[in-house]
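>>> Give me the fold of what follows.
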Amino acid sequence: MTRNEMNHNSIEQIEEDEIDLRELFATILRYKKSIFFITLIGTLLTIVIAYRMPKYYETSVSIEIKAKGSSRGGLSLGGAGALLGLAGLGGGSDDSAKDMALLESYKINSMVIPKVNYQARYIYHDRFRDIELNENNSSISVSKVNIDLYKDNGLEVIFDEIDNTHFQLSIPGKISNKLLGEYKYGEDVKTSYFSLVIYKNTSGATPSKIILSSDKHFIYESLIKKNLVIAQDKKSPFISIKYLDTIPDRGELYINELLSKYINFSVKDEIRDLDITLNSINKQIADIEKRVENSDSKMANFKEKELIISPEEQAKVLVATIAKSDVEVSKGAYAEELITNIIKFTKKHKNIDAIAPSLLELRDQPTIELIGKLQSLQLEEGKLSQEYKAAYPALKSVKNQIRQIRRKILANIKNLKKTIVNKNKSLRKLNKRYRDELASTPKVEKKFISISRNYELNQKLYAYLLQKRSATEIKKAETLSRIKIAEAIYTKPNAVKPKKALIVIVSFITLIILSIFIAFFREFLRSGRDERVSKIEEES
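Residues are numbered from 1 along each chain as shown. The predicted model follows:
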């Protein structure tokens, strides 16, 4: 092919492209009116819909949740973790995930819902849109709500005020509203759908509708769950809590109550257990103090009476050994009692992960690690149970793993008890041997050793209890300060959604593209019709 031919083909290709481009613009101009009207009408409808959308305001707070301590005194069988299956290890890497799951859970939020009025929501119609009124800004207030037929879906009621003493209620229908009747303010309203009492306030806007929701689970699923966001802050080691509500004041109230219930729920049982432990330790310390004073007095009197000098040095090693042995026996008895209580608890309760703090005291690290795995699997089971049925393979697999780990934990606890019992037997035998040696000493030395042994034992027990009390008080202080508000509760002054301007812009662009597509489709149909007509004319 020559250079001239190639240039000629290129010019023809450009001309064809130019012709296609001209046809494109010609088609758009031919249907410009329909494109304009489709875009205009669609945009106007979008503006109306966006205008009618309720505004949501964001309330947020950041909290710092410190990891739980690695040990604690006493047998703890309560707490928030025991109730939700989230109890267990202190300072684990998944502590934040457990705290976030707890904040999002229905158990915590079901305690908050009664404190924030979602049972009756007041809707005021203003210039073609519905606005939800704050209870303080409504001319009426509703109480004693009980829904008989619509517990799962809630119920919308149309409210019409007749005068300052009477009103009428209706149920919206597809064709017309169903009048329920006229009622008096302050009196019980009983219908086949619901029962309630409506009071007249001195001021406020009069709502046109009342949305009733008496079931806490429905309120949580339909309102709370989708508007509550709990997340780990990416820029800091804090947990961020965000809540969207059409009423800013109510959003702040909800966050306040959520934090209050969460903190109370998380630490109250731990504090109660620690207070019980402290009271017990203080009583023992008071008793030991009296015994120490008595031992001091006996030791001084005996030395003065018997003029003891050398026996003290001779008996020093034996006294120290016996006292140390007695302390070990006491500790062993405490450990045996603790493991016995743990076994009793596991037989009566399913939430065996609540025994983790007590196992920490017994230093049973393998079982503690198993409990950590059990808690992670329980969290996974909870998430899967919300989305899938029991027959779902992944959910069945998780449940099987939970059963296997539970069996392993129970087996470990039984083996631990055997180890503790055998160790205590050895300690008691050794203690008996020391006492036999004591029995073979001369009478005066024997009495001196007995007094010295009691004296040293009481001193050591006293020091041990003081140390225990100090550790428990530190643990209590750590528990109380475990949850700290990093940033104060803040509500953005402007609504965060819907983004009305963005909705209108996106809709406008989409409508232009759609209307142009319709124009080309119409042009395609018209061209096809013209070709068929021409063909028929040629044939005739």
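>>> elements contacting the host helix or strand of residue 536?
When elements are assigned from DSSP states H and E, residue 536 belongs to helix 500-539. If you count contacts as 3 or more Cβ pairs under 8 Å, 6 or more residues apart in numbering; DSSP states H and E, helix 500-539 packs onto helix 3-30, helix 32-52. Every C-beta, even on glycine, is put in place using the N, C-alpha and C of the backbone.
>>> List the neighbours of the shortest one that are in contact with it.
Which is helix 32-52. Outside helix 32-52, the residues that touch it by Cβ atoms under 8 Å, 6 or more residues apart in numbering are 28, 128-130, 498, 500, 503-504, 507-508, 511-512, 514-516, 518-519, 522.
>>> Output the helix or strand following it as CSV - backbone C-alpha positions only.
Next helix or strand after helix 32-52 toward the C-terminus (DSSP H and E): strand 57-65. Provided in CSV are the C-alpha atoms of strand 57-65 (Å, rounded to 0.1, in the frame of the first residue of the first chain):
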residue,chain,number,x,y,z
TYR,A,57,-27.0,14.0,64.5
GLU,A,58,-23.9,12.2,65.7
THR,A,59,-22.9,12.0,69.4
SER,A,60,-19.5,10.5,70.1
VAL,A,61,-17.2,9.8,73.0
SER,A,62,-13.8,8.1,73.3
ILE,A,63,-12.9,5.9,76.3
GLU,A,64,-9.8,4.2,77.5
ILE,A,65,-10.2,0.7,78.9
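>>> same for strand 57-65, what does it pack against?
helix 95-104, strand 239-245, helix 248-306, strand 483-491.
>>> Could you pull up phi and psi at residue 196?
Backbone torsions of residue 196, given as degrees, to the nearest 10, read phi -170, psi 180.
>>> Excluding chain neighbours, what is closest to it?
Leaving aside its chain neighbours, residue 196 sits nearest to residue 145 (4.8 Å; criterion: Cβ to Cβ, 6 or more residues apart in numbering).
>>> cool, residue 488 as well?
The shortest distance from residue 488 to any non-neighbouring residue, by Cβ to Cβ, 6+ apart, is to residue 61 (7.0 Å).
>>> Next one: the one you found from residue 231, what distance?
With distances taken as Cβ to Cβ, to the nearest Å, residue 61 is found 12 Å from residue 231.
>>> Mind listing the shared neighbours of these two?
With Cβ under 8 Å, 6+ apart, residue 61 and residue 231 have common neighbours residue 240.
>>> So which of those two has more stuff around it?
Higher neighbour count among residue 61 and residue 231: residue 61, with 21 against 11, using other Cβ atoms under 10 Å.
>>> got a pLDDT number for residue 430?
Reported pLDDT at residue 430 in the predicted model: 76.
>>> now swap in residue 157 and tell me
Residue 157 is assigned a pLDDT of 91 by the prediction.
>>> Wait, it touches residue 167, no?
No. Assessed by Cβ atoms under 8 Å, residue 157 is found out of contact with residue 167, at 10.8 Å.
>>> out of the two, which sits in the busier spot?
Neighbour count, other Cβ under 10 Å: between residue 157 and residue 167, residue 157 has more, with 23 against 19.
>>> in the strand or helix carrying that one, what counts as buried?
Under the criterion of DSSP H and E, residue 157 resides in strand 155-161. Using 16 or more other Cβ atoms under 10 Å as the test for burial, strand 155-161 gives 155, 157-159, 161.
>>> just stretch 228-244 next, same as before
228, 230, 238-244.
>>> Name the residues that touch it?
For stretch 228-244, contacts defined as Cβ under 8 Å, 6+ apart pick out 56-65, 96, 99-100, 103-104, 109, 227, 251, 254-255, 258-259, 486-487, 496-497.
>>> of all the buried residues of stretch 228-244, which two lie farthest apart?
Using Cβ to Cβ, the buried residues of stretch 228-244 span at most 19.7 Å, a distance reached by 238 and 244.
>>> on that earlier part again, compare the mean pLDDT across the helices and strands packed on helix 500-539 and name the weakest.
helix 3-30 (a mean of 62).
>>> sorry, back to before: worst mean pLDDT among the helices and strands packed on strand 57-65?
Lowest mean pLDDT within those: helix 248-306, at a mean of 72.
>>> where does the stretch 51-200 of the chain have low pLDDT?
Along the stretch 51-200 of the chain, segments meeting pLDDT under 70 span 66-95, 149-153.
>>> quick one: the strands in it?
Using DSSP state E, counting those that start in this stretch, the strands of the stretch 51-200 of the chain run over residues 57-65, 120-126, 129-133, 140-147, 155-161, 166-171, 178-184, 188-190, 194-200.
>>> Which one of these lies nearest to residue 532?
When these are compared by Cβ to Cβ, strand 129-133 sits nearest residue 532, at 50.7 Å.
>>> residues of the closest one that come out buried?
Residues of strand 129-133 classed as buried by neighbour count (16+ other Cβ under 10 Å): 131-133.
>>> Repeat that for stretch 200-216.
Within stretch 200-216, the residues scored as buried using 16+ other Cβ under 10 Å are 200, 204-207, 209-216.
>>> can you put these in CSV and add secondary structure and distance to residue 404?
Converted to CSV, the buried residues of stretch 200-216 look like this (DSSP: H, G, I helix; E, B strand; the rest coil; distance: Cβ to Cβ, whole Å):
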residue, secondary structure, distance to residue 404
200, strand, 63
204, coil, 60
205, strand, 61
206, coil, 62
207, coil, 56
209, strand, 54
210, strand, 52
211, strand, 48
212, strand, 47
213, coil, 42
214, coil, 42
215, coil, 37
216, helix, 35
